[in-house]
Each structure stands twice: as structure tokens, then as C-alpha cells.
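>>> coordinates only, sequence not included:
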């Protein structure tokens, strides 16, 4: 056995456990929500609540088998009138 073959074999054997753990079955899925609405808007919270309840009806529970990452639009102050 040549040295290069031996090193390839050793590298493959040591990397195998990391590859086997890379994707575990049953891990949480991630959904990113980017909305152009303000975080303080009550309608935004109502829409997000309806989205979460719709996902829950399909078996996707935030924190259990799903992770929702929500980002809102920045709220800028109204420009001063001249």
C-alpha cells in the first residue's frame, strides 16, 4: 500500500463520524419570514399568528420541529413638514 493511499484511508475513516452526524433525521426545519410591515402593527401579529396556526394544523410546531426566523421592516420617523 502506498503512503498516499494509506493517508486517504485514514482521513476517510476519521471524517466518517462527522459525515454520519451531519443531517440527523427529525431535525428542525427553518423558515425565514421577511415582512415589509412594522413589528408594532397589530395586523402584522395577527397575520403571523394565522400563519403559525396554519402550520400547526399541518403538524409543524415552532420550537419543536420548526424554527421561524422573523424579520420586520425598520420603522423610520416621518419626515418633518416644511
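Done, it's in. Because the structure is a prediction, the values reported are computed rather than measured.
>>> what is the neighbour count of the closest residue to residue 30 other than its chain neighbours?
Spatial nearest neighbour of residue 30, excluding adjacent residues (CB to CB, 6 or more residues apart in numbering): residue 67 at 4.7 Å. Every C-beta, even on glycine, is put in place using the N, C-alpha and C of the backbone. If you count neighbours by other CB atoms under 10 Å, residue 67 ends up with 13.
>>> ok, and what's touching the helix or strand where residue 67 lies?
Assigned by DSSP states H and E, residue 67 belongs to strand 66-71. The contact list for strand 66-71 (CB atoms under 8 Å, 6 or more residues apart in numbering) reads 28-35, 48, 52, 55, 60, 62.
>>> can you select the buried ones among the residues you listed for me in PyMOL?
The PyMOL command for the buried members of the contacts of strand 66-71 (criterion: 16 or more other CB atoms under 10 Å) is given here:
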select buried, resi 48+60
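>>> can I get the contacts of strand 66-71 in CSV with secondary structure and distance to residue 42?
Below are these laid out as CSV (DSSP: H, G, I helix; E, B strand; the rest coil; distance: CB to CB, whole Å):
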residue, secondary structure, distance to residue 42
28, coil, 28
29, strand, 28
30, strand, 26
31, strand, 22
32, strand, 23
33, strand, 17
34, strand, 19
35, coil, 14
48, helix, 11
52, helix, 15
55, helix, 21
60, coil, 24
62, strand, 20
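>>> ok, so of the contacts of strand 66-71, who is nearest residue 72?
residue 35 (5.8 Å; CB to CB).
>>> how close does that closest one get to residue 80?
According to CB to CB, to the nearest Å, residue 35 and residue 80 sit 27 Å apart.
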